[in-house]
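Enquirer: structure for the following, please:
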Amino acid sequence: MKRFLKQKNFLFKLGIVICIGWVLAALLSPYLVSQDPIAQDMTARFQAPGSGHLLGTDELGRDVFSRVLVGSRVSIAAGLVTVCITIVVGTIYGGIAGYVGGFIDDVMMRIAELINAFPPLILAMVIASALGPSISNSVFAMTIIWWPNYARLMRSLVITLKENEYIVASRVLGASHLRILVKEIVPNALGSLLVMATLDIGNAIVTFSGLSFLGLGTQPPTPEWGSMVSDGVNNMNYWWMSTFPGLAIFSMSIGANFVGDGLRDYLDPKLKNK
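Expert: Residues are numbered from 1 along each chain as shown. A predicted model of the protein is given here:
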């Protein structure tokens, strides 16, 4: 822990600051905004950033600053929920496949590879379109395209770990297969899964914003970063409409990647004694 706190990786620290900043902004957004993010004021349409509206207004006179802050609640929550569900599903699936092995392993991993054979974003678009545009359906579509990655990682970790001496000793002492998998193998695999999950949070936010950009995620008038960028694209003369939500997506994504890289360096066994 001491080495973790004393890391000299500037980008890791910057990522922590960015992620914590956005999470706090999402949690406190109802108290930070002074204007209703969905209130329309046609007399204030397309106002440039200024004292009255810090980040300007959109085509309906809605305050962009308020919408970016409130929209962070949807974008960040969607990314976190997707990654949490995905890591649980993938860990269970890959853990069973790797531990059981044999024919069952082959069948289970062929199913995962079948899903991975499709372009991820295209498959997510197809699933979200078939189910209908909504936040929950977009999260479900993203979960479908991502769980095989965690399943493959968990399977490889289980295959490596289950032959270790302490696992063999537990088996000799009469420990059940479920106990070995849950108590011995999964805790030792969490480090790699955590790094992958941290890196995927940024990707999940970008993907969800992309689905919302295409009209498959959040629906008006709910503010969300991707849908805000889409509104801005239709009004390119008013640059602030898409620039600020786009910067929000970029900053949160890059921050999560910085944190993931830092965690990977910390958990790398080759760096433990440095």
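Enquirer: now do the strands in the chain.
Expert: Using DSSP state E, the chain contains no strands.
Enquirer: which regions of it sit below the pLDDT cut-off?
Expert: Residue ranges of the chain with pLDDT under 70: 1-8, 268-274.
Enquirer: what sits against Phe12?
Expert: The neighbours of Phe12, taking CB atoms under 8 Å, 6 or more residues apart in numbering as the test, are 258-259, 261-263, 265. All C-beta spots, glycine's among them, are computed from the backbone N, C-alpha and C.
Enquirer: dump the residues you listed to TSV, plus neighbour count and distance to Met252.
Expert: Below are the contacts of Phe12 laid out as TSV (neighbours: other CB atoms under 10 Å; distance: CB to CB, whole Å):
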residue	neighbour count	distance to Met252
Phe258	24	11
Val259	25	11
Asp261	17	15
Gly262	22	16
Leu263	21	17
Asp265	15	21
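Enquirer: pull out the buried residues from the longest helix out of those in the chain.
Expert: Ordering each helix of the chain by length in residues (DSSP state H) puts helix 64-100 first. Within helix 64-100, the residues that count as buried by 16 or more other CB atoms under 10 Å are 64-83, 85-87, 89-99.
Enquirer: again with stretch 249-262
Expert: Buried residues in stretch 249-262 (16+ other CB under 10 Å): 249, 252-253, 255-262.
Enquirer: before we move on, the earlier item: so which of the contacts of Phe12 sit within helices?
Expert: Reading helices off the contacts of Phe12 with DSSP H, I get 258-259, 261-263, 265.
Enquirer: skipping its backbone neighbours, what lies nearest Gln34 in space?
Expert: One thing to correct before we go on: residue 34 is Ser, not Gln. Leaving aside its chain neighbours, Ser34 sits nearest to Ser66 (7.5 Å; criterion: CB to CB, 6 or more residues apart in numbering).
Enquirer: oh, I was asking about Ile104
Expert: Per CB to CB, 6+ apart, closest to Ile104 is Ala97, 6.9 Å.
Enquirer: for Thr218, state which of the buried residues of stretch 249-262 is nearest.
Expert: Ile249 (13.5 Å; CB to CB).
Enquirer: now do the contacts for the closest one.
Expert: 75, 205-206, 209, 225-226, 229 are the contacts of Ile249 under CB under 8 Å, 6+ apart.
Enquirer: can you check Thr143 too?
Expert: Taking CB under 8 Å, 6+ apart, one finds 82, 85-86, 89 in contact with Thr143.
Enquirer: circling back to that earlier point, what is the nearest of the contacts of Phe12 to Ile180?
Expert: Nearest to Ile180 among those, with distances taken as CB to CB, is Leu263, at 26.3 Å.
Enquirer: was I right to think that closest one contacts Leu194?
Expert: Yes: at 6.4 Å, Leu263 counts as touching Leu194 under the criterion of CB atoms under 8 Å.
Enquirer: for the contacts of Ile249, work out which two are farthest apart.
Expert: Ile205 and Val229 (12.5 Å).
Enquirer: looking at those two, which is more packed in?
Expert: Ile205 (27 against 21; other CB atoms under 10 Å).
Enquirer: wait, isn't the more buried one in contact with Val74?
Expert: No: using CB under 8 Å, Ile205 makes no contact with Val74, being 10.1 Å away.
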